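Asks: Take a look and give me a structure for this.
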Amino acid sequence: MNDRSAARKFDYVIVGAGSAGCVLANRLTEEPGRSVLLLEFGGHDRSPFIQMPTALSIPMNSPRYNWGFESEPEAHLDGRRMNCPRGKVLGGTSSINGMVYARGHACDFDEWEALGAQGWAYKDCLPYFRKAETCDYGGDEYRGSEGPLHTCNGNGMANPLYQAFIDAGREAGYPGTSDYNGRQQEGFGRMDMTVRGGVRCSAANAYLKPIGQRRNLTVTTGALCHRVIMDGKRAVAVEYEVNGTRRIAGAGREVILAAGAIGSPHLLQLSGIGPGEALAAAGIAPVHGLPGVGANLTDHLEVYFQFECRQPITLNGHLSPLAKFLIGARWYLTKSGLGGTNHFESCAFIRSRAGLKWPDIQYHFLPAAMRYDGRAAFDGHGFQVHVGPNKPQARGHIMATSPGPRDKPEIRFNYLDNDADRNSFRACIRLTREIIGQPAFDAYRGAEIQPGAEIVTDEGIDAWVRANVESAYHPSCTCRIGADNDPMAVLDPGCRVRGVTGLRVVDASIFPAIPNGNLNAPTIMAAEKAADLILGRTPLPTSNAEVHIDPDWQTRQRPGDPVRIWSDHGMTRV
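Replies: Okay, here's the model as predicted:
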């Protein structure tokens with residue numbers, strides 16, 4: 001995989017070696033007759049802080065591995081600028097993320113098809129989730145057993161707090177689920193992570209490194225892409241820069257942008273493809289008008305619900321320099337212990353109210369009270385649960401500010417700009433308190449650290465959320481697939497940029513709507529499916545696997561609630 005790209009022409013030029021780009025590089029080079037150039041601005045991923053799952057906060061907060069994007073001041077978050085980490089390294093964001101493996105609900109993908117992504121329903125996508133995965137628990141009609149991406153449960157919920165969280169959910173009237181990535185997402189259960197043998201299973205580790213000797217693959221790191229070069233309405237090459245030297249790589253078949261939900265729309269705009277007036281205002285000559293490029297930006301927000309723990313069993317007891325050294329030494333020698341997990345080993349997906357067909361709230365449970373930068377939230381033992389609504393209505397945009405590829409785009413999420421999203425967070429706070437208040441936590445639960453027991457009114461909750469909510473780092477939907485009659489659709493269902501030839505986008509930007517879960521798994525699935533589309537292969541056979549939907553979803557918020565029906569006299573319990 002040496003750099004042989006100068007003044008050369010390839011069949012395919014892929015921009016971005018992240019979750020999608022690594023998959024595409026692997027699948028498009030399976031036959032030796034096709035040549036592929038993979039361009040990545042970041043460098044290698046050999047750092048032990050990338051490979052050791054427990055060290056996830058280090059690469060996530062390092063400018064060496066993180067583009068360091070941040071939003072414009074968010075009007076409904078007290079004017080705060082929100083961090084938006086994106087991977088700048090082989091493996092992209094899959095090399096700096098939290099490694100949670102969550103596919104989303106089956107109804108999310110049926111929603112995609114309803115929004116114009118023909119052929120992207122759950123029955124079409126499930127076979128590609130299975131193709132990508134090797135699940136530690138074994139394969140079935142939902143889970144894969146022969147794919148490059150390995151998934152597991154870390155240390156098997158050895159800490160009793162994980163099970164306490166699951167038990168508390170059941171005591172609160174919610175169901176348990178044996179596999180939220182399988183038949184039933186809704187409920188409380190174990191959480192999966194992309195870890196293999198105690199090592200981060202990034203897209204680079206899963207898809208790129210095993211094919212390092214393929215002669216038809218060229219990987220160039222340190223490559224800053226300037227633009228896609230167009231010949232009329234056809235993409236023919238990519239202009240990029242390495243160590244200050246400009247280069248052009250020709251694409252005999254296609255250019256494929258896999259630079260992520262921020263990078264891909266920005267690069268389209270730098271190439272003159274996007275909303276014409278906004279491009280002109282940024283000093284970019286419009287080449288092809290597509291008003292949806294950079295629009296529809298969607299993200300997940302979350303808050304940390306934190307409690308003191310009455311027993312000294314949490315990770316807060318392992319944060320001293322000596323304890324960290326011992327964890328790291330054990331991991332280095334054996335790839336085991338606390339170093340070999342992301343510590344998110346139990347979770348839940350619930351509905352915030354009756355009338356919702358599938359869950360809209362997600363929980364990540366952590367047996368520690370700490371922040372994403374790895375620092376303790378307070379002195380003593382504690383635990384926390386990350387919670388947030390996963391189907392937000394807020395929509396923002398990405399927009400180039402100049403023709404320069406080094407000038408970061410304007411990023412505006414418009415978080416919490418509507419009553420529905422604010423109401424969802426109120427439900428998150430109240431439902432979480434009820435869950436943690438169950439008997440399963442009586443032996444562990446101490447005082448509420450945050451939000452604090454005094455935060456009870458709508459106004460108090462709203463103010464606390466505005467000041468404390470954080471991004472879950474799931475930007476998406478900025479080059480969305482849509483129907484032919486949708487003026488804001490950027491791509492057709494084949495991931496082709498509308499109105500031009502030889503140009504596709506494959507990453508989380510293509511999602512028509514954000515899924516109910518973390519985004520790495522669906523991004524890898526989408527790239528697996530897109531590879532077949534690019535190569536003109538027959539799609540994998542569709543799945544008829546059953547999906548669980550609460551039969552009383554219209555009338556109750558959880559199975560433990562009484563069914564309620566409307567009559568002329570109001571709501572009646574049955």
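Asks: and Y363, helix, strand or coil?
Replies: Here Y363 is recorded as strand under DSSP: H, G, I helix; E, B strand; the rest coil.
Asks: need the contact list for L290.
Replies: Residues near L290 by Cβ atoms under 8 Å, 6 or more residues apart in numbering: L268, I273, G274, P275, V490, V497, R498, G499. For glycine as for every other residue, the C-beta is placed from the backbone atoms N, C-alpha and C.
Asks: Sorry, wrong one. I was asking about G198.
Replies: G198 sits next to P53, W331, T334, K335, S336, G339, G340, T341 when contact means Cβ under 8 Å, 6+ apart.
Asks: burial measure for the fifth one, as a count.
Replies: So the one you mean is S336. Neighbour count of S336, defined by other Cβ atoms under 10 Å: 13.
Asks: pretty sure it contacts R330?
Replies: Yes - counting by Cβ atoms under 8 Å, S336 touches R330, with 6.4 Å between them.
Asks: Could you give me the buried positions within stretch 68-88?
Replies: 69, 71-72, 74, 76-77, 80, 82-88 (16 or more other Cβ atoms under 10 Å).
Asks: Sitting in helices, which of the residues you listed do you find?
Replies: Using DSSP state H, no member of the buried residues of stretch 68-88 falls in helices.
Asks: what about dumping the CA coordinates of stretch 151-163 to PDB?
Replies: Extracted in PDB, the C-alpha atoms of stretch 151-163 (Å, rounded to 0.1, in the frame of the first residue of the first chain):
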ATOM      1  CA  THR A 151     -18.800  -7.500  18.100                       C
ATOM      2  CA  CYS A 152     -18.900  -8.600  21.700                       C
ATOM      3  CA  ASN A 153     -20.000  -7.500  25.200                       C
ATOM      4  CA  GLY A 154     -16.600  -6.500  26.500                       C
ATOM      5  CA  ASN A 155     -16.100  -8.100  30.000                       C
ATOM      6  CA  GLY A 156     -19.500  -9.800  30.100                       C
ATOM      7  CA  MET A 157     -21.100  -7.300  32.600                       C
ATOM      8  CA  ALA A 158     -18.800  -8.500  35.400                       C
ATOM      9  CA  ASN A 159     -19.600  -5.300  37.400                       C
ATOM     10  CA  PRO A 160     -23.000  -5.900  39.200                       C
ATOM     11  CA  LEU A 161     -24.200  -2.400  38.400                       C
ATOM     12  CA  TYR A 162     -24.800  -3.400  34.800                       C
ATOM     13  CA  GLN A 163     -27.300  -6.000  35.800                       C
END
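Asks: which residues touch it?
Replies: Taking Cβ under 8 Å, 6+ apart as the rule, stretch 151-163 contacts 53, 101, 133-136, 190-196, 201, 309, 313-314, 337-338, 340-346, 365, 367, 383, 444.
Asks: ok, now with 6 Å
Replies: For stretch 151-163, the external contacting residues (Cβ atoms under 6 Å, 6 or more residues apart in numbering) are 101, 133, 135-136, 190, 192-195, 341, 345-346, 367, 383.
Asks: Give me the buried stretch members for that stretch, please.
Replies: Across stretch 151-163, burial judged by 16+ other Cβ under 10 Å covers T151, C152, N153, G154, N155, M157, N159, L161, Y162, Q163.
Asks: Give me the three-state assignment for the first one.
Replies: Read that as T151. Relying on three-state DSSP, one would call T151 strand.
Asks: beta partners for it?
Replies: C135 (DSSP bridges).
Asks: Distance-wise, check it relative to T341.
Replies: T151 sits 13 Å away from T341, going by Cβ to Cβ, to the nearest Å.
Asks: elements contacting the longest strand anywhere in the chain?
Replies: For the chain, the strand with the greatest residue count under DSSP state E is strand 245-257. Other elements packing on strand 245-257 under the criterion 3 or more Cβ pairs under 6 Å, 6 or more residues apart in numbering; DSSP states H and E are strand 9-15, strand 234-242, strand 503-505.
Asks: Quickly find the element holding D110.
Replies: Using DSSP states H and E, D110 sits within helix 106-114.
Asks: what does K131 give?
Replies: helix 122-132.
Asks: helices and strands around that helix, which ones?
Replies: Against helix 122-132 (3+ Cβ pairs under 6 Å, 6+ apart) you get helix 106-114, helix 520-535.
Asks: quick revisit: neighbouring strands of the longest strand of the chain in the sheet, and parallel or not?
Replies: strand 9-15 (parallel), strand 234-242 (antiparallel), strand 503-505 (parallel).
Asks: Now tabulate these in TSV and tack on mean pLDDT and mean neighbour count.
Replies: Converted to TSV, the strands paired with strand 245-257 look like this (pLDDT from 0 to 100; neighbours: other Cβ atoms under 10 Å):
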stretch	mean pLDDT	mean neighbour count
strand 9-15	98	23
strand 234-242	97	20
strand 503-505	98	27
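Asks: Export those as JSON lines, with columns for distance to K391.
Replies: Below are the strands paired with strand 245-257 laid out as JSON lines (distance: least, Cβ to Cβ, whole Å):
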{"stretch": "strand 9-15", "distance to K391": "30"}
{"stretch": "strand 234-242", "distance to K391": "34"}
{"stretch": "strand 503-505", "distance to K391": "23"}
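Asks: how about those, which one is nearest A354?
Replies: Among the strands paired with strand 245-257, the nearest to A354 by Cβ to Cβ is strand 503-505 (37.9 Å).
Asks: Give me the residues contacting the closest one.
Replies: Identification of contacts with strand 503-505 by Cβ under 6 Å, 6+ apart yields A235, E254, V255, I256, L257, S264, C479, L491, C495, R496, V497.
Asks: Over to stretch 539-556?
Replies: With Cβ under 6 Å, 6+ apart, stretch 539-556 has contacts from 106, 123-124, 126-127, 141-142, 183-184, 354-355, 357, 532, 563-565.
Asks: Please repeat the previous calculation with a cut-off of 8 Å.
Replies: With contact meaning Cβ under 8 Å, 6+ apart, stretch 539-556 is reached by 106-107, 119, 122-124, 126-128, 131, 141-142, 183-186, 351, 354-358, 529, 532-533, 559, 562-565.
Asks: Surely P359 and C347 touch.
Replies: No - the criterion here is Cβ under 8 Å, and P359 misses it with C347 at 11.1 Å.
Asks: Now stretch 415-429 - C-alpha only, CSV.
Replies: What follows is stretch 415-429, C-alpha atoms only, in CSV (Å, rounded to 0.1, in the frame of the first residue of the first chain):
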residue,chain,number,x,y,z
TYR,A,415,-30.4,21.9,18.6
LEU,A,416,-33.7,22.1,20.6
ASP,A,417,-35.2,24.7,18.4
ASN,A,418,-38.7,23.0,18.7
ASP,A,419,-41.1,22.1,21.5
ALA,A,420,-41.1,18.4,20.6
ASP,A,421,-37.3,18.0,21.2
ARG,A,422,-37.6,19.9,24.5
ASN,A,423,-40.5,17.8,25.6
SER,A,424,-38.5,14.6,24.8
PHE,A,425,-35.7,15.7,27.1
ARG,A,426,-38.2,16.4,29.9
ALA,A,427,-39.4,12.8,29.5
CYS,A,428,-35.8,11.6,29.5
ILE,A,429,-35.2,13.2,32.9
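Asks: Let's verify the closest residue in space to A447 that isn't next to it in sequence: helix, strand, or coil?
Replies: Using Cβ to Cβ, 6 or more residues apart in numbering and skipping the chain neighbours, the partner closest in space to A447 is E308 (4.9 Å). Three-state call for E308 (three-state DSSP): strand.
Asks: Distance check, the residue nearest to A259 when sequence neighbours are not counted against I256.
Replies: Setting aside the residues directly before and after it, A259 is nearest to G16 in space (Cβ to Cβ, 6+ apart), at 3.8 Å. Using Cβ to Cβ, one gets 9 Å for the distance from G16 to I256.
Asks: The nearest residue to S95 once chain neighbours are set aside: what's it in contact with?
Replies: With sequence-adjacent residues excluded and distances taken as Cβ to Cβ, 6+ apart, S95 is closest to S202, at 4.5 Å. Residues near S202 by Cβ under 8 Å, 6+ apart: D45, I50, G91, S94, S95, T194.
Asks: can you pull out the helices in the stretch 301-450 of the chain?
Replies: Taking DSSP state H, counting those that start in this stretch as the test, the helices found in the stretch 301-450 of the chain are 321-334, 419-436.
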